[in-house]
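Participant: Show me how the following folds:
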Amino acid sequence: MFKTILVPTDKSQHAQKALEFACDLAKLYGSKLVMIHVLEQVRDTKALKRLGKGKPADESDMPDLMAGMASVGMNAESIQQMVDNVEKTIFVPARQMAADKGVGEIETLIKGGDAAKRILKCAKKVDADLIVIGSRGLGNIKGAFLGSVSDKVSRKAKGSCVTIRS
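Facilitator: Below you'll find the predicted structure:
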């Protein structure tokens, strides 16, 4: 029924529950599980995509990274540390949970920019049949005024979307 399930994760309680549910569904349906984490403070760049796939930053990445970080005063080393932290604190335990639950195919992605837009764009790119998202995450204060990421995603998603409350 579900070929690909996308689950945004940020280590919040709601995201953890969404991840557990997505893992159970992926196991049940033999689905590919795609986990995404969005660094909202960093603009999505080609270099960030490389870093998100475990490739280290090098000199050729500097112009691209600097364009994405100029407005927030970050350097390439800071971005690499953020990516490493996401890998260590979010994706390693998430992949382990998925494997323990019997999920066969797992992919992880790190993106930069507006969380709702990146999740929706990723859903389209990976051809997700289902998005499983926590009702609240660790997002910034902007969400309190402009509406939550889960609300935006569920309203604008082209396919099915399940919002998990803890």
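
Participant: Centre of the chain to stretch 118-137, how far?
Facilitator: 8 Å (Cα atoms, centre = their mean, to the nearest Å).

Participant: Could you pull out the buried residues of it?
Facilitator: Of all the residues in stretch 118-137, those buried under the rule 16 or more other Cβ atoms under 10 Å are 118-120, 122-123, 126, 128-137. Bear in mind the C-beta positions are built from the backbone N, C-alpha and C, glycine included.

Participant: Which one of those is nearest to Glu107?
Facilitator: Val126 (7.5 Å; Cβ to Cβ).

Participant: So that closest one is in contact with Leu6, correct?
Facilitator: Yes: shown here, Val126 and Leu6 form a contact pair, counting by Cβ atoms under 8 Å, at 6.3 Å.

Participant: any shared contact partners between these two?
Facilitator: Val34 (Cβ atoms under 8 Å, 6 or more residues apart in numbering).

Participant: The protein: helices as residue ranges?
Facilitator: Under the criterion DSSP state H, the chain carries helices at the ranges 13-29, 46-52, 62-69, 76-86, 92-100, 115-125, 142-146, 149-156.

Participant: among the ones you listed, which is nearest Ile106?
Facilitator: Using Cβ to Cβ, the nearest of the helices of the chain to Ile106 is helix 92-100, at 5.1 Å.
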